[in-house]
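Q: could you work out the structure for the sequence below:
(one chain, ligands or ions: 2)
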Amino acid sequence: MKINYANFVISSPDVSKCPALDKPEYAFIGRSNVGKSSLINMLTGRKKLAKISSTPGKTMLINHFKINDQWYLVDLPGYGFAKRSKTERAKWQKMIHKYILNRPNMLTLFLLVDIRIEPQKIDLDFIEWLGMSNIPFVITFTKSDKLKLNQIETNLKKYKNKLLESWEELPPIVVTSSSTSLGRDEVLNLIEKTNKVF
Ligand code: GTP
Ligand code: MG
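A: Numbering: from 1, shown residues only. Ligands and ions are numbered 1, 2, ... in the order given. Okay, the predicted model is just below:
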């Protein structure tokens, strides 16, 4: 799929302030610093579209970007930011759960995971919640440029085995890099296919 236009639409503090539900959208979530904003920039080919934060976990806003005037990419605030207070974490959870459960036009959630690290409880718990809530999601590994091919294979296998401890079937998985654009076509093809059924 070709991306002709990509423009920032709105930052919303709450799902009720998000754009109308008339276009399909795809949201990106994962730990703070995992590469959500970078991936959106890589997919759109616009280096500065989504802000790459040097101070993670600062703002808790839902950012909508309109693509080709037809669908949205949504940059969500990250989780697992150590310096966040308990109150802020609870606020994050409430806002994110509300967003995920109240956007019928959000067709696929891309859950980003750093390919370099061991499976983390915080991600596995979130995956568990997505499964129980029947939310279609794709596990999207990031920063693959930081590893050699055989390390990627090893870590992928480890992650899959971990998931298979509690899941009968694996969710879709893609491996990406915002530096090399690995996974770009795969993600955009998936979006293109999904757009057709909206
Ligand atoms: P928050 O918005 O704070 O939750 O972070 P984020 O998930 O949006 O991460 P962001 O895109 O801001 O990237 C965090 C850091 O990781 C930045 O320094 C990026 O340059 C770097 N980064 C992101 N993706 C990649 C990647 O695929 N490869 C490499 N080498 N670095 C990456
Ligand atoms: Mg970000």
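Q: from now on I want contacts and neighbour counts done on CA atoms only, so please keep to that.
A: Will do.
Q: the lengthiest strand in the chain - contacts with which helices or strands?
A: Criterion DSSP state E: the longest strand present in the chain is strand 106-114. The elements that strand 106-114 packs onto, with contact taken as 3 or more Cα pairs under 8 Å, 6 or more residues apart in numbering; DSSP states H and E, are strand 25-30, strand 137-142.
Q: so for residue 174, which of those sits nearest?
A: strand 137-142 (4.9 Å; Cα to Cα).
Q: please report phi then psi for residue 179.
A: Note on residue 179: backbone dihedrals following degrees, to the nearest 10 are phi -80, psi -40.
Q: tell me where the chain has helices.
A: Taking DSSP state H, the helices of the chain run over residues 36-44, 86-101, 121-132, 149-164, 184-196.
Q: avg pLDDT for the second one?
A: This means helix 86-101. Helix 86-101 shows a mean pLDDT of 92.
Q: that helix: which residues count as buried?
A: Neighbour counts using 16 or more other Cα atoms under 10 Å place 89, 92, 95-96, 99-100 of helix 86-101 among the buried residues.
Q: of these, which are in range of ligand 1?
A: Counting by Cα under 6 Å from any ligand atom, nothing from the buried residues of helix 86-101 sits close to ligand 1.
Q: can you pull out the low-pLDDT segments for this structure?
A: The chain contains residues with pLDDT under 70 at 53-59.
Q: interface residues of it facing ligand 1?
A: By the rule Cα under 6 Å from any ligand atom, the part of the chain lying against ligand 1 is 32-38, 52-53, 56-57, 77-78, 142-143, 145-146, 177-179.
Q: which of those residues fall in strands?
A: residue 142.
Q: just the buried residues out of the residues of the chain next to ligand 1, in PyMOL syntax.
A: Of the residues of the chain next to ligand 1, the buried ones go into a single PyMOL selection, burial set by 16+ other Cα under 10 Å:
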select buried, resi 32+33+34+35+36+37+38+56+57+77+78+142+143+145+177+178
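Q: if the residue nearest to the spatial centre of the chain is in a bridge, with which residues?
A: In the chain, the centroid-proximal residue (Cα atoms, centre = their mean) is residue 28; its distance is 2.1 Å. Legend: beta-bridge partners of residue 28 under DSSP bridges are residue 75, residue 110.
Q: who's in contact with it?
A: Residue 28 is in contact with 36, 73-76, 109-112, counting by Cα atoms under 8 Å, 6 or more residues apart in numbering.
Q: ok, now residue 117?
A: Here residue 117 is in contact with residue 155 (Cα under 8 Å, 6+ apart).
Q: please tell me how far it sits from residue 158.
A: The gap separating residue 117 from residue 158 is 10 Å, by Cα to Cα, to the nearest Å.
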